[in-house]
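Visitor: Build me a model from this:
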Amino acid sequence: MASYGWKQHKAKPSNKRRDTFSKRKLGLFNKVTELSILCNAKTALIITSPNKNLHACGYPNHDTVIKHFFDKENPVINTEKGKQDEYTIETSRLQHETIQERLKEEKNNLQAVKETNNSSSCLPSWWDHSIDDMALESLKQFKTSLKKLKLNLDASLQGKEIHMNSCSSSTSNII
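Guide: Numbering: from 1, shown residues only. Sure thing, here's the model as predicted:
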């Protein structure tokens, strides 16, 4: 019987080194650029692929950085645009640091809220713990806590019953 529809193809084995290089290259270039901006450094990165191809990345430009590295007698002169770029980079770096600090504070606040919710008295779960694993002292303390809970519940129930009775008797007096 003829089969209609999609045919299944087996995946061909790929070159793991090439795949890994492709995945890592962008990450390396991003890190070089990020470090250059944060540290106000001129950087260049040259890497070779498994196919022996050269890939370069640099900040502000890999050609400029490499020329400056090899030509020590003629240092790169900062132009007005270069100074403006440095100011922009420094401003961005400071903003990045401020945002990172705020992010860290917010993460700490979130952690504190989670801990508060876990230990909140609104969601008591201490009576859900297994008593089989408790030591004698823990069992005595557990029993005492249950007795206190029962007394508090009885007192609360009596208070509400008294309040309900007084409300119903006062409404019957009004009628």
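Visitor: where does H129 sit relative to S92, distance-wise?
Guide: Taking C-beta to C-beta, to the nearest Å as the criterion, H129 is separated from S92 by 52 Å. C-beta coordinates here come from the backbone N, C-alpha and C atoms, glycine included.
Visitor: Count the residues that sit near D19.
Guide: Residue crowding around D19 was assessed by other C-beta atoms under 10 Å; the count is 11.
Visitor: got it, and the one 10 residues further on?
Guide: Neighbour count for F29, taken as other C-beta under 10 Å: 17.
Visitor: which secondary structure element contains it?
Guide: When elements are defined using DSSP states H and E, F29 is found to belong to helix 16-39.
Visitor: Which elements pack onto that helix?
Guide: When contacts are defined as 3 or more C-beta pairs under 8 Å, 6 or more residues apart in numbering; DSSP states H and E, helix 16-39 sits against strand 43-48, strand 54-59, helix 80-118.
Visitor: Just the pLDDT at the most centrally placed residue in the chain, thanks.
Guide: With distances taken as C-alpha atoms, centre = their mean, the chain has K107 as the residue nearest its mean C-alpha position (7.4 Å). Among the per-residue scores, K107 holds a pLDDT of 92.
Visitor: how much space between it and N117?
Guide: Between K107 and N117 the distance, using C-beta to C-beta, works out to 16 Å.
Visitor: in the protein, what spans have low per-residue confidence?
Guide: Along the chain, the parts satisfying pLDDT under 70 run over 1-14, 73-82, 119-127, 168-175.
Visitor: mind giving me the domain ranges of it?
Guide: Taking automatic domain parsing as the criterion, the chain consists of the domains 16-117, 126-175.
Visitor: next one: the longest one to chain centre, how far?
Guide: If you compare the mean C-alpha spot of domain 16-117 with that of the full chain, they lie 21 Å apart, counting by C-alpha atoms, centre = their mean, to the nearest Å.
Visitor: same deal with stretch 145-153?
Guide: Taking the mean C-alpha point of stretch 145-153 and that of its whole chain, the gap between them comes to 41 Å (C-alpha atoms, centre = their mean).
Visitor: Next, count neighbours for K52.
Guide: Neighbours of K52 (other C-beta under 10 Å): 6.
Visitor: With I37 instead?
Guide: By the other C-beta under 10 Å criterion, the neighbourhood of I37 contains 18 residues.
Visitor: Cheers, nothing more for now.
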